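Student: here is the input, now give the coordinates:
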Amino acid sequence: MSIAQPPIPFRRAGQKYAFVVVAVVFLALLVSAGLRSSPSVLLVPLEESFGWSRSTTSFSAAVGIFLYGLVGPFAAAAMERFGLRRVLIAALSLMAASSAASAYMTQPWHLLMTWGVFSGIGSGAVAVVMGATVVNRWFTKHRGLMMGLLTASTATGTLIFLPLLAALASSGDWTRVVWTVAAAAAALVPLAWWLVPDRPASVGLVPFGSDPHAPPAPAAPRTGMIAATFGALARAAKTRTFWFLFATFFICGFTTNGLVGTHLIALCGDHGMPEVQAAGLLAIMGIFDLFGTTASGWLTDRYDPRKLLFVYYALRGLALIYLPYSDFSFYGLAIFAVFFGLDWIATVPPTLRLATEAFGDREAPIVFGWIVAGHQLGAASAAWMAGVVRQSQGSYLMAFVAAGATGLIAAVIALMIGRERVVAQPA
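Tutor: Numbers count the residues shown, from 1 in each chain. The predicted model follows:
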């Protein structure tokens, strides 16, 4: 069944309508970030309510994190095949449904299906890959800045949702958390239908920064979603650039979403910090990430992205090694929050720029989707591994030190990435 294209308001805005699309997608990415941050405040309440072990809840969170990334390249191909608006609406609907359904779970496999499988698929379609698609379709200027803004939505989502969700979780009724997330996702569905066209050309516009009198770019060939997804991977996988980007982003996910995003609240709890205060620490990190990621986009438009990645990963590695040896005082945690928050996802704009330079505008979102899959594979590994380390050793120490070491390795790899076009776009 087709979805009729609605009349797009503000058409007189011309090229500036691209910013309307960015605003709506920013909100969608913000809600997706809120959904993905929910397991961090649900771990302890679910263990207390159902008696589930930390490894059980961590495994479900790890599955969701992994699928969040694995869906990326397929979502990029689906946006090419079926349209941005259809994919956005379907993903928001799945996010709302999976979160609402989890209010009725009673068994570990219910947690796995709702917060692992379905939320992972839904939120994975509304992720940085969607941001990359929007930026490449709607902008020819300021791409780094726009990608930085869209990526910063994750920080904003954490900033807005995490303290609220932590307060709801600590109220004694964890279902308030899942109903809040479900309502936020559902509220965006009509907005996406009304305001988000598939492409500029579909509403008689051109990308921001383009010559309005230039002939339109040739339409991409109609390719099956699966063929496009794996075809782009096959071409990219023959290059060192892809594997260097994949490796650094694997480490990015390992050190952020998987470790800190999932286990920081529990780590702080081990040192006597209340859950709401620990969630507030993540929110503070979100504030710095909001500025850091936006600034990273601005810097990516002006400087060598490889050198930016070197700085980001090196600082992250040092911050992770520092954390378990801190005294967990306000001052000690504030130092960590500043350094780690500034580059939590500041790696995204330079990584996307390197992917676009290497693989071209058309295939870059799909290839970037596979790179994001590596990010989430790393995140899933850390989410599960840290839970196992904590359960077996009674401490998160080795998990954080090991993650810090990988950050330093990623800094070195970043300097080895080439900047030339390595794969010609298919005819």
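Student: any regions of the stretch 101-250 of the chain where pLDDT drops low?
Tutor: Scanning the stretch 101-250 of the chain with the threshold set as pLDDT under 70 gives 211-224.
Student: where do the helices of it begin and end?
Tutor: 108-111, 119-125, 128-138, 143-169, 175-187, 189-195, 225-236, 240-255 (DSSP state H, counting those that start in this stretch).
Student: who are the packing partners of the first one?
Tutor: Read that as helix 108-111. helix 54-82 (3 or more C-beta pairs under 8 Å, 6 or more residues apart in numbering; DSSP states H and E). C-beta coordinates here come from the backbone N, C-alpha and C atoms, glycine included.
Student: make TSV from the helices of the stretch 101-250 of the chain and add distance to G332 and mean neighbour count to it.
Tutor: Below are the helices of the stretch 101-250 of the chain laid out as TSV (distance: least, C-beta to C-beta, whole Å; neighbours: other C-beta atoms under 10 Å):
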stretch	distance to G332	mean neighbour count
helix 108-111	34	17
helix 119-125	32	28
helix 128-138	31	26
helix 143-169	20	25
helix 175-187	29	20
helix 189-195	42	17
helix 225-236	42	18
helix 240-255	19	24
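Student: among the ones you listed, which is nearest T300?
Tutor: Nearest of the helices of the stretch 101-250 of the chain to T300, taken as C-beta to C-beta: helix 143-169 at 3.6 Å.
Student: that closest one vs helix 175-187, what angle?
Tutor: 140 degrees (axes from the mean of the first three to the mean of the last three C-alpha atoms, to 10 degrees).
Student: what angle do helix 143-169 and helix 128-138 make?
Tutor: 150 degrees.
Student: numbering from 11 from now on, please.
Tutor: With the count now opening at 11, the last piece we talked about shows up as helix 153-179.
Student: now do helix 153-179: which elements does it pack against?
Tutor: helix 27-60, helix 138-148, helix 185-197, helix 285-310, helix 358-403.
Student: most packed of those?
Tutor: Greatest average neighbour count among those goes to helix 138-148 (a mean of 26), per mean count of other C-beta atoms under 10 Å.
Student: which other helices and strands contact that helix?
Tutor: Looks like helix 138-148 contacts helix 27-60, helix 64-92, helix 94-111, helix 153-179, helix 358-403 (3+ C-beta pairs under 8 Å, 6+ apart).
Student: can you put those helices in CSV and add distance to F256?
Tutor: Formatted as CSV, the helices and strands packed on helix 138-148 follow (distance: least, C-beta to C-beta, whole Å):
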stretch, distance to F256
helix 27-60, 21
helix 64-92, 11
helix 94-111, 23
helix 153-179, 18
helix 358-403, 4
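Student: closest one to A195 among the ones you listed?
Tutor: helix 94-111 (3.9 Å).
Student: I'd assumed D299 was in contact with W354.
Tutor: Yes. Counting by C-beta atoms under 8 Å, W354 touches D299, with 4.1 Å between them.
Student: can you work out which residues contact both of the two?
Tutor: Residues within reach of W354 and of D299 at once, by C-beta atoms under 8 Å, 6 or more residues apart in numbering, are T164, A165.
Student: next, the contact list for V358, please.
Tutor: So V358 contacts V138, M157, G158, T161, T303, S306 (C-beta under 8 Å, 6+ apart).
Student: quick one on the thing from earlier: tell me which of the helices of the stretch 111-260 of the chain lies nearest to L343.
Tutor: That would be helix 153-179 among those, by C-beta to C-beta, at 15.2 Å.
Student: contacting residues around A195?
Tutor: Contacts of A195 by C-beta under 8 Å, 6+ apart are V41, L45, L102, S103, M105, A106, S109, G132.
Student: read off the pLDDT value for L52.
Tutor: Predicted confidence (pLDDT) at L52: the value is 85.
Student: what about it, distance to E58?
Tutor: 11 Å (C-beta to C-beta, to the nearest Å).
Student: pick out the most distant pair among the contacts of V358.
Tutor: Of all pairs in those, the most separated under C-beta to C-beta is V138 and S306 at 12.8 Å.
Student: E90 touches G241, doesn't it?
Tutor: No. Assessed by C-beta under 8 Å, E90 is found out of contact with G241, at 11.7 Å.
Student: OK, contacts around P200?
Tutor: For P200, the contact set (C-beta under 8 Å, 6+ apart) is empty.
Student: if we can go back for a sec, list residues touching both of V138 and S306?
Tutor: Common neighbours of V138 and S306 (C-beta under 8 Å, 6+ apart) are T161, V358.
Student: picking up where we left off before, for A237, which of the helices and strands packed on helix 153-179 is the nearest?
Tutor: With C-beta to C-beta as the yardstick, what comes closest out of those is helix 358-403 (11.1 Å).
Student: right, I'll leave it there.
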